[in-house]
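Visitor: Predicted model, plus sequence, below.
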Amino acid sequence: MGCVQTVPNDRVAVITKFGKFDRLAHPGLLCLPVPCVCVRAGDVSVRIQETSMTCETKTKDNVFVSIQVAVQYEVIKSKIYEAFYRLHNPTVQINSYVFDVVRSTVPGMLLDDVFESKDEVARQVKDQLQKIMSEFGFQINQALVTDISPNRKVRDAMNEINANRRLRVAATEKAEAEKVVIVKQAEAEAESKVLQGQGELAVLSIASCCPPTSFKRTLAL
């Protein structure tokens with residue numbers, strides 16, 4: 001008597017016959033005619049999966065850093081056999097290779113360069129993983145450096161440097177603002193003196209043209 005099973009939409013079943021690989025069963029109804037002979041050995045997920053790990057290493061300027069890397073991968077549909085039989089735990093294997101790539105790349109870089117070149121580090125991780133994991137039936141879709149964290153002393157020093165930089169910027173902006181105020185005040189005073197001088201010239205001009213009595217009357221106005 002046969003056995004009827006189902007294969008979910010996100011999986012492919014691996015069927016063996018007398019313990020030997022027989023075929024792949026794709027999503028839908030699965031019929032195993034002789035259960036003791038034909039066995040469903042397991043399933044392979046065709047979903048995109050993600051794993052993340054934290055790698056600790058040292059930069060060229062002797063700073064210990066923790067680098068968090070996230071990797072997205074999926075089974076190559078034409079290599080489901082390899083993905084099922086050649087690797088017991090792909091996540092462990094991927095993590096191992098990520099550690100190797102990070103620890104061979106970052107020690108040749110200064111700390112500042114690591115921050116500036118994290119996309120390059122991620123690209124190297126992806127390229128190296130793709131070369132290796134494709135043999136085992138997996139495709140690397142994306143690799144991202146999601147966090148770079150120096151040891152605490154270095155972080156504190158960097159925070160202090162950034163704080164001092166912000167204080168310098170604030171002081172510079174304050175000085176510029178005060179300079180603008182002083183310049184405006186000087187311009188206003190200069191304009192006031194010019195107007196005052198013009199008024200005095202006008203008075204002197206009237207005084208030179210009018211008799212003293214008329215001049216006093218003009219001032220009274």
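Guide: Everything's here; your move. Numbers count the residues shown, from 1 in each chain.
Visitor: how does this structure divide up, domain by domain?
Guide: Under automatic domain parsing, the residue ranges defining each domain of the chain are 3-45, 49-150, 157-214.
Visitor: Buried ones in stretch 63-80, by neighbour count?
Guide: The neighbour-count check on stretch 63-80 (16 or more other Cβ atoms under 10 Å) flags 63, 65, 67, 69-76, 79-80 as buried. The C-beta positions use only the backbone N, C-alpha and C, and glycine is treated the same way.
Visitor: Burial check on H88, number of neighbours?
Guide: Residues lying near H88 (other Cβ atoms under 10 Å) number 8.
Visitor: one step back: can you redo the domains of the chain as CSV with mean pLDDT?
Guide: As requested, the domains of the chain are exported to CSV (pLDDT from 0 to 100):
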stretch, mean pLDDT
domain 3-45, 89
domain 49-150, 92
domain 157-214, 66
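Visitor: re the thing from before, closest one to D112 out of the buried residues of stretch 63-80, please.
Guide: Minimum distance to D112 across these is 9.9 Å, recorded for V63 (Cβ to Cβ).
Visitor: wait, the closest one sits on L111?
Guide: Yes: using Cβ atoms under 8 Å, V63 is in contact with L111, at 4.7 Å.
Visitor: For A171, pull up the helix or strand it's in.
Guide: Secondary structure from DSSP states H and E places A171 in helix 152-209.
Visitor: re earlier: in helices, which of the buried residues of stretch 63-80 fall?
Guide: Residues of the buried residues of stretch 63-80 located in helices (DSSP state H): I80.
Visitor: Cheers, nothing more for now.
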